[in-house]
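Asks: Here is my input, please return the structure:
(one chain, ligands or ions: 1)
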Amino acid sequence: MDVWLGTLVLACRPAPVASGEVELQATSADGRVELAVELDDATSVLFALDADAWIAVDALEGPDGTVLRWQDWVGEEQLTSAVLASPAQSVLGWPVRAVDPELRSGGWTLTASVTDADLVPLDGVEVRAVVRTKTDDDLRRGTVRVLLLVPEALDPALRDGALAATARWEQVWGRHGLTLELDTRTAALDVVVPDLFFGDPALRDAAALRDGHDLVAWVGEELASFPNALGNAGAVPNAAFDGPRAVLGLAALKAAGQDGAFDDEEVRLFGEAMAHEAAHFLGLFHPVELDFAHTDALGDTATCSGREACEDALGGNLLFPYPICGSGDCVPAEGLTRDQRGVAHRYVGVR
Ligand SMILES: [Zn+2]
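Replies: A predicted model of the protein is given here:
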């Protein structure tokens, strides 16, 4: 009966065609929403769902069948944070890897759970989805348009240190065919970046300042949700368009160290933190997490067990979870494997 009804609805009201960008709306029933879209001649797609509820992607189905099931990606290998219930926003890019089924032209359906914070299913919740596609046959080169938002009240020395650090971000990404097109804008924003997981109206306002940029970064003194971090991407991947928390947070005062003033090494480390966090934004996980058990789902990032072995095998990787520092300096973290580069270049915000 469900199947018959679904077919009938689609037959009466054809799914919108996403070439470029479309917006969809759906209302949750039995704690779920189903979003149908027709994809034509695209190589990548990004779905960004937002609602006044907790959302998790359950499945993605294409013309040839189901390509993503949440059950497959809640173990030790991580492919996307979209399958984890999170407040206000869920973002899924597809395909993530070269081995994932490609985006065949035809009908695609995304299914998601809509719940409260205790994961109790909610009905009657309006879910808005933005679907953007891109066609890109060269996964070796691309440009990302980044807007750096600087709060009016941020100390000018911290602002200057952050701007100097962007040169290192640009250098690291440039090694991997990612060209940074960076604009800076001063805005009436708090110097503490609001909670990037639970969201905040100010994050939505900041994301809305994007003006054609694909990645919006808010450079504050520190992050409300991660007081010791130099940055946070909010989700893996995050959204390349307006949304309740489609913002990258950067913490300039933390990056400037104990004395609150940048030296050259701190500028370099902050630049690598920017390149690292922005890589999360494009969809990359750490090759190995701090528990040395959870890993990314890529075939060519080294496998290792334990701190010492993982530092040896992966310490120079841009996505290693922490900088490896001796008495005076830290190991440059700038490498990406071929599979990691592929994930970044499939992201629709890389043009
Ligand atoms: Zn990280």
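Asks: My assumption is that W173 lies in a helix; please confirm.
Replies: Yes - under DSSP: H, G, I helix; E, B strand; the rest coil, W173 sits within a helix.
Asks: Tell me if I'm right that it and L180 touch.
Replies: Yes - using Cβ atoms under 8 Å, W173 and L180 qualify as a contacting pair, with a distance of 5.6 Å. Backbone N, C-alpha and C define where each C-beta goes, glycine included.
Asks: who touches both of these two?
Replies: Between them, W173 and L180 share the neighbouring residues V144, with contact defined by Cβ atoms under 8 Å, 6 or more residues apart in numbering.
Asks: quick one: which of these two has more around it?
Replies: With neighbours defined as other Cβ atoms under 10 Å, W173 and L180 compare such that W173 has more, 25 against 20.
Asks: Could you tell me which ranges of the stretch 51-200 of the chain sit under the pLDDT cut-off?
Replies: Residue ranges of the stretch 51-200 of the chain with pLDDT under 70: none are present.
Asks: Can you pull the domain assignment for this protein?
Replies: As recorded under automatic domain parsing, the domains making up the chain are 2-134, 142-346.
Asks: now, of those domains, which is deepest in the fold?
Replies: Each of these was given a mean neighbour count from mean count of other Cβ atoms under 10 Å, and the largest, a mean of 19, is that of domain 142-346.
Asks: contacting residues around A162?
Replies: For A162, the contacting residues are 148, 150, 219, 250, 252, 255, 270, taking Cβ under 8 Å, 6+ apart as the criterion.
Asks: Mind checking which of those residues are in helices?
Replies: Counted as lying in helices by DSSP state H, out of the contacts of A162, are 252, 255, 270.
Asks: quick one: contacts for the second one?
Replies: By that I understand A255. Under the criterion of Cβ under 8 Å, 6+ apart, the contact list for A255 reads 161-162, 165, 230, 262, 266, 269-270, 273.
Asks: Quick check, pLDDT for it.
Replies: Here the pLDDT value assigned to A255 is 97.
Asks: got it, and A15?
Replies: pLDDT, the model's per-residue confidence, is 73 for A15.
Asks: Wasn't it part of a helix?
Replies: No - using three-state DSSP, the secondary structure at A15 is coil, not a helix.
Asks: Just confirm it contacts E38, I think it does.
Replies: Yes - using Cβ under 8 Å, A15 makes contact with E38 at a distance of 4.7 Å.
Asks: What helix or strand is the nearest residue to S81 once chain neighbours are set aside located in?
Replies: Residue nearest to S81 in three dimensions, not counting chain neighbours: V236, with 4.5 Å by Cβ to Cβ, 6 or more residues apart in numbering. Mapping V236 onto the secondary structure by DSSP states H and E places it in no helix or strand at all.
Asks: that older thread, which among the contacts of A162 gets closest to D195?
Replies: Of all the contacts of A162, the one sitting nearest D195 is L250; the distance, using Cβ to Cβ, is 14.9 Å.
Asks: Hmm, the closest one is touching A273, no?
Replies: Yes - here L250 lies in contact with A273, judged by Cβ under 8 Å, at a distance of 7.5 Å.
Asks: Overlap of the contact sets of these two?
Replies: Taking Cβ under 8 Å, 6+ apart as the criterion, L250 and A273 both touch 230-231.
Asks: if we can go back for a sec, name the residues contacting each of A15 and E38.
Replies: When Cβ under 8 Å, 6+ apart defines a contact, the residues bordering A15 and E38 alike are G107.
Asks: which other residues reach the helix or strand harbouring A202?
Replies: Secondary structure assignment for A202, by DSSP H and E: helix 201-207. Contacts with helix 201-207, where a contact means Cβ under 8 Å, 6+ apart, come from 149, 187, 189-190, 194, 196, 216, 218, 239, 241-247.
Asks: May I ask which two of the residues you listed are separated the most?
Replies: Largest separation among the contacts of helix 201-207 by Cβ to Cβ: D190 and F241, giving 22.6 Å.
Asks: any idea how far C304 is from the closest residue to D339 other than its chain neighbours?
Replies: Setting aside the residues directly before and after it, D339 is nearest to L298 in space (Cβ to Cβ, 6+ apart), at 4.0 Å. Relative to C304, L298 is positioned 14 Å away (criterion: Cβ to Cβ, to the nearest Å).
Asks: Please apply the same query to Q89.
Replies: Between Q89 and C304 the distance, using Cβ to Cβ, works out to 33 Å.
Asks: For stretch 223-238, the averaged confidence score.
Replies: pLDDT averaged over stretch 223-238 gives 95.
Asks: circling back: could you dump the contacts of A255 to TSV with secondary structure?
Replies: Listed next are those as TSV, based on three-state DSSP:
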residue	secondary structure
G161	helix
A162	helix
A165	helix
L230	coil
F262	coil
E266	helix
L269	helix
F270	helix
A273	helix
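Asks: I'd like those residues laid out as CSV, including distance to T143.
Replies: Written out in CSV, the entries for these read as follows (distance: Cβ to Cβ, whole Å):
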residue, distance to T143
G161, 25
A162, 21
A165, 20
L230, 25
F262, 28
E266, 28
L269, 25
F270, 22
A273, 21
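Asks: of these, closest to A224?
Replies: Distance to A224, by Cβ to Cβ, is smallest for L230 among the contacts of A255, at 14.3 Å.
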